[in-house]
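Colleague: Got a predicted structure plus its sequence, pasted below:
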Amino acid sequence: LETWEAGIALRGTEVKSIRDGKMNIRDGYIKPNRNGRSCELLNVHIGKHNTAGAYFQHQETRPRNLLLHRQESRKMLQKTDRMPGMTIVPLKAYWSDQNKVKFEIGLCRGKNTRDKRQDIKEREGKREANRMVKNFSYR
C-alpha cells in the first residue's frame, strides 16, 4: 500500500557478509517501537563472515535498528495499530550511491482465508498438469 526507503544500522562483519550475498529477507518484518520513535528490523538472516574470528562475529538474526525520521516511524506505528491485518515488511535491499545498505520497506495487507484457498487450488492444478505431462508418453 505504501513504500519507504530506510537505512539500517549494521556492524562490520554484517556489511561484509551482505557483500558476499549471505542475506535472506524472506521471513523479515518491521516492528515500530511503542513510543513511535524508531523501528526494528526483525527475523532477517545475515550469515557469518568467513574470514573474521569468533570474537568479531555477529548474531545472525539479531534485531537491527532502521534509520528513519521520527515522523515516518510514528506514521508506521499508527497505520499498523489502527488497521488490523497490516504489517510492514522489507521488499528489497540494495546499495545506495553513497555505498550504504538501504531497504525498501512496504506496508502490506495480509491474505485472508479465501485468498489462500484460491492460491492452493491454483498450485494443485499446476502440479496435476505437470504430473500429467511428465507421465504422458507418445510412442
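Modeller: All right, it came through fine.
Colleague: contacting residues for residue 85?
Modeller: Neighbour list for residue 85: 109, 110, 112 [criterion: C-beta atoms under 8 Å, 6 or more residues apart in numbering]. (C-beta placed from N, C-alpha, C; glycine too.)
Colleague: Distance check, the first one against residue 53.
Modeller: From residue 109 across to residue 53, the span is 44 Å (C-beta to C-beta, to the nearest Å).
Colleague: Please apply the same query to residue 75.
Modeller: Counting by C-beta to C-beta, the gap from residue 75 to residue 53 is 42 Å.
Colleague: Tell me which of those two has more neighbours.
Modeller: A count of neighbours by other C-beta atoms under 10 Å puts residue 75 above the other of residue 75 and residue 53, at 17 against 8.
Colleague: I'd like the distance between the more buried one and residue 105.
Modeller: For residue 75 relative to residue 105 (C-beta to C-beta), the value is 12 Å.
Colleague: Residue 9 now?
Modeller: 15 Å.
Colleague: out of the two, which sits in the busier spot?
Modeller: Shown here are residue 9 and residue 105; by other C-beta under 10 Å, residue 105 has more neighbours (27 against 13).
Colleague: What strand or helix carries that one?
Modeller: Element membership of residue 105, judged by DSSP states H and E, is strand 101-109.
Colleague: Please enumerate residues in contact with the helix or strand following that strand?
Modeller: Proceeding N to C from strand 101-109, the next assigned helix or strand is helix 113-135, under DSSP H and E. Here helix 113-135 makes contact (C-beta under 8 Å, 6+ apart) with residue 111.
Colleague: Show me what counts as buried in stretch 26-43.
Modeller: Buried residues in stretch 26-43, counted by 16 or more other C-beta atoms under 10 Å: 28, 29, 30, 31, 32, 36, 38, 39, 40, 41.
Colleague: now the helices for this structure?
Modeller: Using DSSP state H, the helices of the chain run over 12-19, 70-82, 113-135.
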